[in-house]
Structures are given as C-alpha cells and as structure tokens.
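Peer 1: Have a look; sequence and predicted model below, questions after that.
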Amino acid sequence: MTRLRARLLLLQVMVIAMIVVLVVRLWQVQVVQGAKFVTVATETRTREVRVPALRGMILDATGRPLVRNRSTLVVSVDRSRFERMPDGGDAVLRRLSAVLKIPVDKLKQKIRACGPGVTRPCWPGSPYTPVPVADRVSNRAALQILERQEDFPGVTAELQAVREYPNGRDAAQVLGYLQPVTQSELEKREGLKASYSGVDLVGRDGLEEVYDSALRGSPGLRRVQVDRMGKVVAVQQQTTPAPGEILVTSIDARVQAVVEKSLAQAMAEAPQSDGAAAVVLDVKTGRVVAMASRPTYDPKVWTGGITEKEYQRLLSEKSGKPLISRALKGEYAPGSTFKISSASAMIADGEPLHGTYQCPSSYNVGGRAFGNAGGMALGSISLHEALVKSCDTVFYRAGYEEWLRDGGNTPKTKTKEPMANMARAYGFGQPTGIDLPGDSPGRIPDRTWKRNLWNSTKDSMCRRAKTGYPELKDEARAAFSKRLAHENCLEGFLFHAYEAANFSIGQGDVLVTPLQLARAYAALVGDGNVRSPRVGWALVKPDGTLVKEIPVPIVSHLPVSDETRDYIRKALSEVPSDGTAAGAFRGFPMNVVKIGGKTGTAEVWGKGDTSWFASFAPADKPRLVTVVMVSQGGFGAESAAPAVRRIWEGIYGIGKSENSKPVKPALPDGHPADRLPVIRQDGTVQ
C-alpha cells in the first residue's frame, strides 16, 4: 500500500511538473515572444512574387523588328521545393509528364543543375529560381496544373514572353541570345538580384548582352496569401513591372538579307572555304548597316532550352564554330587590301606622291627574291597604277628600305617604323571598341612585338630545336618547323628584312578583322576620322519617348593629308573597272553607280588563300563601305569580289532576280536611314 502511494505521488509530481512547463512555455510563446511568432506566422502565409518585365524589342534602322516577343504559356518547376519532398518530387514529375506528354526522364534532365560532366539539357541558372520545362503549352494543360495544385505542388503555369526572330538566321551573332541568370552572376553583379524576377533571362552575347540592363526593364512585385497547399487565396499588394526599353539599331534588315544571301553563295561556290564574313559601314556616321558571318545558326535554338547535340554543334571545330562572329572576332592576314596603310606610310615617310616607281617581276630583300603574283613586271609606273594593278614589288622595296633606315638587324636606339605606326593610326592592332562583345585586336608586328614574342617563347623554341616535331606526320613540314624553331631560338628577337617586306603587303604576322578593315577604309574615303563603330542607334521607351541616342565616338584622325587620301581613293576607284577586280565586275553598270575597292589575296600556311575585297560607293563621294572576307576562298577577285558585287547590286537594285524580274533596291536612294523611326504611344512603328 505504501509503495502504491509513493507511485501515485510520483505520478502527481510529474503531471504537475509537465503542466508547469507547459504553462511557462505558453507564456513565453504568447507573451514574451508573441509578436515575433505572429510575424513569422504571417510570413509563412505570405509570398512575394517578382513579376517579370516585358523585354524590349530590337529594331532595325527603319523600325522593322529584328527581335520581338511572343506570348506563350510556360510551365516551370520549383526545384528547391521538390528537394524537400520525401521522393524528391518524383510522383509530381510523373503526373506532370502525363499532362505535358513529355517523358519523365526528359523532365528530370531539364531541371538538373548544369555542371562538369553534365550534358544538356540541364538548368544553367540559379538553383533558387523556377526552371521552365515546357513552353507552347496548351490552355487545357495549363488549367489542369493550376486547378489541381494539390497534385502539382511546386509547379506553375504562367503566360510569359519569349524571344522571336522574324528574320531567322540573319545577324544571329550580332543580336546574341538569352540564358538564365546564374547564382554566381547574382552574387557578382551588383543590383541584379534586386531587379531579377526569377524567370528573367539575361543577354549572353551580341546586343542582348551589351544592352541587357536597358532591354530587361524592371520587374513588378506581387505579394500574395497562400493556403497550406501553396494556392493563392488573396493578393495583398501589386506593383506593375516596367517594360524594357526598345533598342533601335543602325542595321538595315533589307541590306542584311542581301549580305547574308551573298555570303551563303560565296561559301557554296568555294566548297573548300571554312568561313566568311561581311561588313557594311556608313562612311558618314560610322554606324554598322549590316554585319554577317558564316557559318551561322538559328538563334531560336536557345528558346526553351538547348539540347546537348545542338550546343556542341555551336562550339565544334567541325561545324565551324557558328557561335563566333568572324566579322569582329576572326583575325586574318589582309593581303593587298592593307596597301592603303602602306601607301600612306610611304608618302608620310617622304616618298613622292606623284613620283615614278619601278615594278619589276621580283625584288631582292636581304638576299631573297620576292616576286609579284604571276611574275608580272610593269616597269616604271605611278603609285596610282601600283595600287590599281596591285604591284607587290613597289611595296616590298618601300618596306625593305624603311627597315634598313631603322638599322636593319642592328636597330637604332629610336626607330621610326613608319609602316607599323601608320597601321596603328588606321586602327589596326587594337579593338575597334564596337558595342558588341568579343572585339579582337588583330596584330601589327613590329620590333617590340618580336622581342616580346621571343622572350615568351624562347624556352619552348630551344627545346623544339633539339627534339623537333615528331608528332607531325608530314616529314617536310616537321623538318621546316624544326629549322624554324632553331632560328627562333638563336635570333627570334630580330625583326628580319623578310618580315618587313611581308608586312608591306599585309602578309606574314599581320592580322586584322573584317570590321577593322571596313573602319580603316571608311576613314580613308570619308573625312579622315577613325571612328569606333556602333550598332546601337538609340534607346526608346515603349511609348515612343527617346531615352538617349547612342553616339559614335571619334577615336583619332588619320595622319594623312587630304591630298594623299584623295589620291589613293581615286586609284582604288579604278580597281573594279581596270584593275585586279575588273573580271569580277565585268558588265557592272559603272555609269549608274561607280564602285571603288581593293582586292586582297593572303597566303596561309597549310590552308587555301584568304580572299578579300574592300570596297566603297559611290566612288566619287563614298557613303557606304563594304568588306567581304572568304577564308580559303582563293584570290580576292575569285570569291570576295563577286560577293561584294552582289551586295552592291542588292543595295542599288541593279540587274534582275532569279525569276528575271528587276531587283528591288535595299536602299532606294543608296543612303542608309538618317532619321530614327517614329514609335507611337501604343508601341507600333510609323
């Protein structure tokens, strides 16, 4: 009996203790921490949703859309919520698969994070943002998901805007593409997290990247109340998103189409070619009227997620890396198109503008004969004829004698290097500063460059001088490479006579981009100012209010007299009619519009020649410059010049189309647009 009472007493004490603990805890929760838990409870029922802004369109110079938006139903999955489910969201994905008619495995691939060893499709964006798994979803499927949220927790279906490209592949590298923002970007880019809606995309290349902040706009904010299933029951607060600004470019869609078609034909007619590029510049303003690169791709592959196969194709050497713009990133020896710089340097260094020059079939440079193409010998000629007929030996002599005056193999303390310095004045050897990413600098080799190159490669060259190149299967090439390594090991710091000679005709180690060459010709035949080209022309609000006009900076002025520039321009004006491009322009109505230009044929070790043609029109008062480069396209007059002719025919409406109808001119008056298009308050273009 005593033992039973003791047990009851113990039980009473335990019950009283538990009641005391419960009362104390309730007092703490309701009195001491009551306000805190009320706030927390409210927050668990309230969700803040950032509403994405409509991304601004990209228009051409006349108001035609280059990139626009289309509305579509998009289904997205919240990965973080799936990860908190016992089965990792597997059951939800299976139900979603049945509704969307997409295999479960494919859905799982789309929502997994991209990383090393993970093939696409995968999610390259932040792990804390919804992952789009399907666009172009039917209304019926979207309603099934929205009305049965208890079966689809973590899944949303919303009307979103996606990018559309009405001109297909045209200007793909110029326009760029969109991709999800990554977590590292959110952390690095100040202010991005605050303006990021969670479903927004950011520009990854081209204009989409450069003008991303203006195009993206500002997201809105919607604060909603949800039930325990995550279903919205009330909207507490809503802020309307501010749509992105419209980017008006200087690209003319009609000229761009002509350029794209001409490049495609040039590649088809030169089956060995592995790439091509074209640039059309407005001489007066320095703005880009058209820019194209081959191979190219369809930018719509990025919409809705790209497959691993397509992604690898965009990056592979076999397909020609179509993601890369050869117009501003490709670096090539310019050949004789570079002679405008060399001729300018000759005159600036004291050569007579109206003098007589010898054009033998070959010229001896340091004990080595450098010949004209085809062994032509023209005797005594003017500099005018040297440019028209592209006499290499005139320039070999000038380059060699300038090298000798600088001290040859034992250079003076202070060298003049007139050709290298003039090339830099034309803008070669440095990025153009265009408003596109990936602008390559090219290369202007001089004595300082050669010394720096030797310092960085001498150890490797000396090692190769001993071991050779056993990995090369071509014995002749392996032997040549070993001799070259031995020479570079011993005296690789010397800027040799043959290098100076090659420099004078745009060969050897000289590299330029098609955009650099177009800019140089625009400076020569224009007002002498070297400009930093621009594609963007203006940013405009959706209601038509001008935000700002994008200026074209003047970088420098050519150290070339107006007389010299006019002399060179007049000489180049005869190249298509009486010079090296006469065959390509045979039958072209020069009385309608006279074309000027210069062919270029650059030899490349182990590959076919690079074909160039740099041109301008009208020849007497140039307004446009057009440059075409065809890698492994042969002689300049063989591939590039015919491509340029087709571009001019399209611009001016010369000749007849394939169905024998007159060609409609891309620019009826031969001038690009000089006024911004008018955007009405409702967003339509006048």
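Peer 2: Looks like it came in fine.
Peer 1: show me where the stretch 451-600 of the chain has helices.
Peer 2: Under the criterion DSSP state H, counting those that start in this stretch, the stretch 451-600 of the chain contains helices at 475-491, 497-504, 514-525, 562-572, 575-578.
Peer 1: got these as JSON lines, with mean pLDDT, mean neighbour count and distance to Ile246 columns?
Peer 2: Every residue, glycine included, has its C-beta placed from N, CA and C. Below are those laid out as JSON lines (pLDDT from 0 to 100; neighbours: other Cβ atoms under 10 Å; distance: least, Cβ to Cβ, whole Å):
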{"stretch": "helix 475-491", "mean pLDDT": "89", "mean neighbour count": "15", "distance to Ile246": "54"}
{"stretch": "helix 497-504", "mean pLDDT": "97", "mean neighbour count": "24", "distance to Ile246": "46"}
{"stretch": "helix 514-525", "mean pLDDT": "98", "mean neighbour count": "28", "distance to Ile246": "25"}
{"stretch": "helix 562-572", "mean pLDDT": "98", "mean neighbour count": "19", "distance to Ile246": "38"}
{"stretch": "helix 575-578", "mean pLDDT": "96", "mean neighbour count": "22", "distance to Ile246": "39"}
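Peer 1: Any stretches of the protein with poor pLDDT?
Peer 2: For the chain, the stretches flagged by pLDDT under 70 are 1-2, 29, 32, 34-50, 126, 128, 183-200, 224, 226-233.
Peer 1: rerun at 50
Peer 2: By pLDDT under 50, the chain contains no weakly predicted segment.
Peer 1: Okay, domains of it per the record?
Peer 2: Each domain of the chain is listed here as a residue range: 47-249, 253-297+308-333+512-652, 338-423+432-504, per automatic domain parsing.
Peer 1: Would you mind finding the most buried of those?
Peer 2: Each of these was given a mean neighbour count from mean count of other Cβ atoms under 10 Å, and the largest, a mean of 21, is that of domain 253-297+308-333+512-652.
Peer 1: That one: how far from the chain's middle?
Peer 2: The chain centroid and the centroid of domain 253-297+308-333+512-652 are separated by 16 Å, computed with Cα atoms, centre = their mean, to the nearest Å.
Peer 1: can you pull out the helices in the stretch 201-350 of the chain?
Peer 2: Assigned helices in the stretch 201-350 of the chain, in chain order: 206-210, 212-216, 253-269, 308-315, 339-348 (criterion: DSSP H, counting those that start in this stretch).
Peer 1: Turn those into CSV, including distance to Gly579.
Peer 2: Formatted as CSV, the entries for the helices of the stretch 201-350 of the chain read as follows, by distance: least, Cβ to Cβ, whole Å:
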stretch, distance to Gly579
helix 206-210, 36
helix 212-216, 45
helix 253-269, 20
helix 308-315, 40
helix 339-348, 12
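Peer 1: out of these, nearest to Thr626?
Peer 2: Taking Cβ to Cβ as the criterion, Thr626 comes closest to helix 253-269 out of those, the separation being 8.2 Å.
Peer 1: Now do that closest one: everything it contacts.
Peer 2: 60, 62, 64, 66, 167, 169-171, 273, 276-278, 280, 289-296, 628, 630, 633, 639-640, 642-644, 646-647, 650-651, 666-667, 672 (Cβ atoms under 8 Å, 6 or more residues apart in numbering).
Peer 1: picking that back up, including distance to Thr684, could the domains of the chain go into JSON lines?
Peer 2: As requested, those are exported to JSON lines (distance: least, Cβ to Cβ, whole Å):
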{"stretch": "domain 47-249", "distance to Thr684": "9"}
{"stretch": "domain 253-297+308-333+512-652", "distance to Thr684": "9"}
{"stretch": "domain 338-423+432-504", "distance to Thr684": "26"}
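Peer 1: nearest to Ile679, of the ones you listed?
Peer 2: Across the domains of the chain (criterion: Cβ to Cβ), the nearest stretch is domain 253-297+308-333+512-652, sitting at 3.9 Å.
Peer 1: can you give me the strands for the stretch 301-450 of the chain?
Peer 2: Listed in chain order, the strands of the stretch 301-450 of the chain (DSSP state E, counting those that start in this stretch) span residues 356-359, 362-365, 368-371, 379-382.
Peer 1: how far is the third one from where the chain is centred?
Peer 2: When you say that, I think you mean strand 368-371. Mean-position distance between strand 368-371 and its chain equals 40 Å (Cα atoms, centre = their mean).
Peer 1: Mind giving me the packing neighbours of it?
Peer 2: Using 3 or more Cβ pairs under 8 Å, 6 or more residues apart in numbering; DSSP states H and E as the contact test, the elements touching strand 368-371 are strand 362-365, helix 392-405, helix 497-504.
Peer 1: The first one - which strands sit beside it in the sheet, and in what orientation?
Peer 2: It refers to strand 362-365. strand 368-371 (antiparallel) (DSSP bridges).
Peer 1: Make TSV out of the strands of the stretch 301-450 of the chain and add distance to Gly544.
Peer 2: Written out in TSV, the entries for the strands of the stretch 301-450 of the chain read as follows (distance: least, Cβ to Cβ, whole Å):
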stretch	distance to Gly544
strand 356-359	58
strand 362-365	62
strand 368-371	60
strand 379-382	55
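Peer 1: Any idea which of the ones you listed gets closest to Arg222?
Peer 2: Each of the strands of the stretch 301-450 of the chain was scored for nearness to Arg222 using Cβ to Cβ, and the closest is strand 368-371 (73.0 Å).
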